[in-house]
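>>> I need the structure of the sequence given here:
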Amino acid sequence: MSDKCSSCSQNGSCTKESKCTVMLPKHGKIKKIIAVMSGKGGVGKSTVTGILATKLREAGHSVGVLDADITGPSMPRFFGINDKRAIMQPEGEEVKFIPVESETGIKVISLNLLIQNEEDPVIWRGPVINGVLNQMYVDTVWGELDYLLIDMPPGTGDIALTIMQSTPITGVVMVSTPQDMVTMIVKKLVTMASKLNMNTLGVVENMSYVTCGKCDERIRVFSKKSAKEQAEYLGLELLSEMPIDLDFVESLEKGNAEEYVLNSHNYDELFEGVNKAINKSVNIIK
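Numbers count the residues shown, from 1 in each chain. As a prediction, this is how the structure comes out:
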């Protein structure tokens, strides 16, 4: 058994005769890959990805971020690097991508870092999107990374399926919000991940509450159900409850979300919950 077999989600379900479809980067070595997913858009998946990357970097890890939401990329905005561009460097008949680094040294690759105008729409069919995404993962110069975080596209479509089947993912973090409708849609993705033998670390409930500015009481806005109840419905461990934080939203608009996360304690619970779940996992990419 090869090193990559031990970390593959398909390990145990294939044979020696079957062709291996797992992809590994050409220009670097990645120890762990964490996919951040949700069944629905607009729940804060990219926000959770950026916060986790920032906190992992703060903890001393080398970190990269792959913005796999090709039609709705937002990671450059989170890190305030949307005015920069990744370098496409020819290498023989192929090309390799030099990612853009954030203020703290997080390596980021996104389609919006490869096109001239970030507001231009991507009007591509699935096979083209899959091909570009595979190239961004395989041909980026990642170097030696402790963690690669993948900001996944929402839903259970072709792109998500391709990533889950072809990338040696260490663990999956699900993102939801308090509404029953959202939880139901996320449940579909949880079931999909289970069918594909993915290691789901748990769920983060975003927009879980607002904090009263006068008494510090946590007020649940969208549902009377607790985050724990929602997590139990999903059959997952609750990793963290994230608040509605207008100061954080303002930092995103100003392009300094990374700095805000480093100076706020609002996301310590998120990091600690996910980090604990990761450390329980033995599915480490060699």
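
>>> Which other helices and strands does the longest helix seen in the chain contact?
Counting residues, the longest helix in the chain under DSSP state H turns out to be helix 180-195. Packing partners of helix 180-195 (3 or more Cβ pairs under 8 Å, 6 or more residues apart in numbering; DSSP states H and E): helix 158-166, strand 171-176, strand 200-205, helix 227-234. Glycine gets a C-beta too; all of them are placed from N, C-alpha and C.

>>> List the buried residues for it?
182-183, 185-187, 189-190, 192-193 (16 or more other Cβ atoms under 10 Å).

>>> What of stretch 107-124?
For stretch 107-124, using 16+ other Cβ under 10 Å, the buried residues are 107-114, 118.

>>> Could you do stretch 80-96 as well?
For stretch 80-96, by 16+ other Cβ under 10 Å, it's 80-82, 85-86, 96.

>>> So for that stretch, mean pLDDT?
For stretch 80-96, mean pLDDT is 91.

>>> what about that stretch, how long is it end to end?
23 Å (Cα to Cα, to the nearest Å).

>>> now it: how far from the chain's centre is it?
The chain centroid and the centroid of stretch 80-96 are separated by 21 Å, computed with Cα atoms, centre = their mean, to the nearest Å.

>>> got it, and stretch 99-113?
With Cα atoms, centre = their mean, you get 14 Å for stretch 99-113.

>>> who's in contact with Asp247?
260, 264 (Cβ atoms under 8 Å, 6 or more residues apart in numbering).

>>> Poorly predicted segments of the stretch 151-286 of the chain, please.
For the stretch 151-286 of the chain, the stretches flagged by pLDDT under 70 are 282-286.

>>> Now with 80, please.
156, 281-286 (pLDDT under 80).

>>> picking that back up, would you format the buried residues of stretch 80-96 as a markdown table with secondary structure included?
Listed next are the buried residues of stretch 80-96 as a markdown table, based on DSSP: H, G, I helix; E, B strand; the rest coil:
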| residue | secondary structure |
| --- | --- |
| Gly80 | coil |
| Ile81 | coil |
| Asn82 | coil |
| Arg85 | coil |
| Ala86 | coil |
| Lys96 | strand |
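
>>> From the residues you listed, pick the one nearest Met207.
Gly80 (22.4 Å; Cβ to Cβ).

>>> how about the helices of the stretch 51-200 of the chain, start to end?
For the stretch 51-200 of the chain, the helices defined by DSSP state H, counting those that start in this stretch cover 75-78, 126-138, 158-166, 180-195.

>>> And what about Val36, helix, strand or coil?
Val36 ends up strand, using three-state DSSP.

>>> surely it meets Ile169?
No - when contacts are counted by Cβ atoms under 8 Å, Val36 is not listed as touching Ile169 (10.7 Å).

>>> got any residues that touch both of the two?
Joint contacts of Val36 and Ile169 (Cβ under 8 Å, 6+ apart) are Ile150.

>>> ok, how many other residues are close to the nearest residue to Gly157 once chain neighbours are set aside?
Spatial nearest neighbour of Gly157, excluding adjacent residues (Cβ to Cβ, 6 or more residues apart in numbering): Gly126 at 7.8 Å. Gly126: 11 surrounding residues under other Cβ atoms under 10 Å.

>>> wait, Gly126 sits on Asp158?
Yes - between Gly126 and Asp158 a contact is recorded at 4.7 Å, counting by Cβ under 8 Å.

>>> contacting residues for Asn275?
Contacts for Asn275 (Cβ under 8 Å, 6+ apart) come out as 56, 59.

>>> and it, that's in a helix?
Yes - looking at Asn275 with three-state DSSP, it is inside a helix.

>>> Check the gap between it and Ile34 for me.
For Asn275, the distance to Ile34 equals 10 Å [Cβ to Cβ, to the nearest Å].

>>> and what of Glu58?
16 Å.

>>> Also Lys280?
For Lys280, the distance to Ile34 equals 13 Å [Cβ to Cβ].

>>> between those two, who's got more neighbours?
A count of neighbours by other Cβ under 10 Å puts Ile34 above the other of Lys280 and Ile34, at 23 against 11.
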